[in-house]
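J.: Task: produce atomic coordinates for the following.
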Amino acid sequence: QVQLVESGGGLVQAGGSLRLSCAASGSIYNINAMGWYRQAPGKQRELVADIPSGGWTNYADSVKGRFTISRDNGKNTVYLQMNSLNPEDTGVYYCKVVATTPRRPYAYDYWGQGTQVTVSS
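T.: Presented below is the predicted three-dimensional model:
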């Protein structure tokens, strides 16, 4: 089983910054991709950014140039630095980790509980 602990959400004014963290723990053989998704009220969950094990990064067009995803493999942790936030960035941010474990020895998606990000205008 993989546990994901997210932190760093909150309320911020437009133009401000937040940094999200997501730490994975448990019996993990290998972590492939790590990423962040968000879901705004009344909308579907969407990819914000992800970073596969190869280290390259992928961003939604709406956050390019403002958000930076990074990972610390030694700590099994993924970060999302969010700058120049605007009200359209408001939503619940979910961490996703693709990992193999003794119980599931194949790539499987694990999701965090979500952390609220609210940007006021």
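J.: Quick check: residue 77 touching residue 19?
T.: No - taking contacts as C-beta atoms under 8 Å, residue 77 lies outside contact range of residue 19: 11.6 Å. Bear in mind the C-beta positions are built from the backbone N, C-alpha and C, glycine included.
J.: With neighbour numbers in mind, choose between those two.
T.: Set side by side, residue 77 and residue 19 show unequal neighbour counts under other C-beta atoms under 10 Å, the larger going to residue 77 at 18 against 13.
J.: How about the more buried one: what's its closest non-neighbour residue?
T.: What sits nearest to residue 77 in space, not counting adjacent residues and going by C-beta to C-beta, 6 or more residues apart in numbering, is residue 23, at 4.6 Å.
J.: ok, now residue 89?
T.: Once its chain neighbours are removed from consideration, residue 89 has its nearest residue in residue 119; the separation is 5.2 Å (C-beta to C-beta, 6+ apart).
J.: try residue 86
T.: Nearest residue to residue 86 in three dimensions, chain neighbours excluded: residue 14, at 5.4 Å (C-beta to C-beta, 6+ apart).
J.: Could you check how far that neighbour is from residue 59?
T.: If you measure residue 14 against residue 59 using C-beta to C-beta, to the nearest Å, the figure is 20 Å.
J.: Surely residue 78 touches residue 32?
T.: No - at 11.9 Å, residue 78 and residue 32 do not qualify as touching, with contact defined as C-beta under 8 Å.
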